[in-house]
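**Q** kindly generate the corresponding structure for this input.
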Amino acid sequence: MRKNYNYKRRKLFLPEYGRHIQEMVDSLLEIEDRQERTRQAKAVIAVMGNLNPLLRDTNGFKHKLWDHLFIMSDFQLDVDSPYPQPSRQDLMVVPQKLRYPQSNIAFKHYGKYTQQLVRAVAAAQGDNNASDELINIARYMRVKSYEFNNDHPNNEVIIRDIRAMAGNDMQIDMSAISALEKNGAPSSGFENLSNISNWVANAGLTERQFPIEEYVSAMKKLRTGDIHSAKSDMGKALCILPTLDKLRAAAIVEALARKDIEGADKIYSGFCGSATRWKMVSECYYMSATGGVSRATKQFIECHKKYPTTVYQIARDSYWGLSRWFDETEIVKAIQD
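**A** Residues are numbered from 1 along each chain as shown. Sure, this is the predicted structure:
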């Protein structure tokens, strides 16, 4: 008996349909009558559709089958198709060559965009906002350097890298850079003041509903690290817009720092809805204030697992007092694990 192995046969155009379907398509090419050839082609299409019955009624499936029929005939089949017959050129389009960036990045751990931002700030020297922007960039550089080296660089390293990216003639406010804390400079965070308009729009509010004056005043005081001086403005902002959860959490921490448990309870009652990140954070601080530092630390770690950026958002701002309220060693260990 003569053995017929697949490796000795010709290569299939579309192996997923199998050799029997390929032989059916080959037989269509031998039919001379065009009308009969078209009728038989429709029968082959029906068989091909039965191989994927779940897709048979989806949009474009018939069109796809007819395209596959022409491919399996090596584009030699001449029948009356309900769809335009594809050509070999249509299916063998050579993609355009992808152009790779040729720019050299001086400090890869900061990234290309950091270098572009530094140069943009250098070009805008003299602008009143340039100094603030430079501080924000320096803060970001400190974070990226920590991710890369697992250690916070000193201010001289940050200044040296900024000068290297922008040019040695760049004027830098040394006092502002020196004010950066070892664990990251005070953040303009919360809802990021530059994105208040976007936040307001996403929250379905109007600009008038947002307590912009009270909020900005509270943030300026918080940036100095003195959470107590921001108490009044935080209270006013929360009275106008109770859904500022992170600001509410900061107000709770301020009350707990003064050992005002009753006041913290009152502020906590203003949280809307079920458990949120800042509601959980507030509960951790409350637990720590009432004598359960170990339990509070475990709860804080669970909060970080649910919301992975929690520790980083709190650690970078001194007014949260992470090391004062929790076992920082356990938190660091849990993050590293």
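
**Q** from now on I want contacts and neighbour counts done on CA atoms only, so please keep to that.
**A** Fine.

**Q** what mean pLDDT would you report for stretch 303-312?
**A** Mean pLDDT, stretch 303-312: 78.

**Q** checking H109 next. Helix, strand or coil?
**A** Following DSSP: H, G, I helix; E, B strand; the rest coil, the label given to H109 is coil.

**Q** what's the separation between it and Q115?
**A** According to C-alpha to C-alpha, to the nearest Å, H109 stands 11 Å off from Q115.

**Q** more neighbours, the two?
**A** Q115 (20 against 15; other C-alpha atoms under 10 Å).

**Q** what sits against the more buried one?
**A** 105-106, 165-166 (C-alpha atoms under 8 Å, 6 or more residues apart in numbering).

**Q** just the buried subset of those, please.
**A** 165-166 (16 or more other C-alpha atoms under 10 Å).

**Q** between which two of the contacts of Q115 is the distance greatest?
**A** Farthest pair in these (C-alpha to C-alpha) is I105 and A166. Separation: 12.5 Å.

**Q** my guess is Y83 is in a strand, correct?
**A** No. Read with three-state DSSP, Y83 is coil and lies in no strand.

**Q** and the pLDDT at it?
**A** For Y83, pLDDT reads 89.

**Q** do the same with E181
**A** On the pLDDT scale, E181 gets 45.

**Q** still on that earlier bit, from the contacts of Q115, which ones fall inside helices?
**A** Within the contacts of Q115, residues falling in helices by DSSP state H are 165-166.

**Q** from the contacts of Q115, which is closest to L91?
**A** Nearest member of the contacts of Q115 to L91, counting by C-alpha to C-alpha, is I105, at 38.9 Å.

**Q** can you give me phi and psi for that closest one?
**A** With angles defined as degrees, to the nearest 10, I105 sits at phi -100, psi 120.

**Q** what about the longest helix anywhere in the chain, average pLDDT?
**A** The longest helix of the chain (DSSP H) is helix 130-149. If you average the pLDDT over helix 130-149, you get 76.

**Q** for that helix, C-alpha coordinates in CSV please.
**A** Taking C-alpha atoms only, helix 130-149 is exported to CSV below (Å, rounded to 0.1, in the frame of the first residue of the first chain):
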residue,chain,number,x,y,z
ALA,A,130,8.7,79.0,35.6
SER,A,131,10.1,78.6,39.2
ASP,A,132,7.0,76.7,40.4
GLU,A,133,7.2,74.4,37.3
LEU,A,134,10.9,73.7,38.0
ILE,A,135,10.1,72.7,41.6
ASN,A,136,7.4,70.3,40.3
ILE,A,137,9.9,68.8,37.8
ALA,A,138,12.5,68.5,40.5
ARG,A,139,10.0,66.6,42.7
TYR,A,140,9.2,64.3,39.8
MET,A,141,12.9,63.7,39.2
ARG,A,142,13.3,62.7,42.8
VAL,A,143,10.6,60.2,42.6
LYS,A,144,11.9,58.6,39.3
SER,A,145,15.5,58.6,40.8
TYR,A,146,14.1,56.7,43.8
GLU,A,147,12.4,54.1,41.6
PHE,A,148,15.7,53.6,39.7
ASN,A,149,18.2,53.7,42.5
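
**Q** so what does it touch, helix or strand wise?
**A** On a contact count with 3 or more C-alpha pairs under 8 Å, 6 or more residues apart in numbering; DSSP states H and E, helix 130-149 meets helix 112-123, helix 155-166, helix 174-178.

**Q** tabulate these in TSV, adding columns for distance to R277 and mean pLDDT.
**A** Formatted as TSV, the helices and strands packed on helix 130-149 follow (distance: least, C-alpha to C-alpha, whole Å; pLDDT from 0 to 100):
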stretch	distance to R277	mean pLDDT
helix 112-123	29	82
helix 155-166	32	81
helix 174-178	31	58
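
**Q** who wins for proximity to V281 among those helices?
**A** helix 174-178 (30.0 Å).

**Q** on that earlier part again, tell me the buried residues in the longest helix of the chain?
**A** Those would be 130-131, 134-146, for helix 130-149 by 16+ other C-alpha under 10 Å.

**Q** ok, V121 to A138 distance?
**A** 12 Å.

**Q** okay, now the domains of this structure?
**A** The chain breaks down by automatic domain parsing into domains covering 8-91, 112-178, 193-336.
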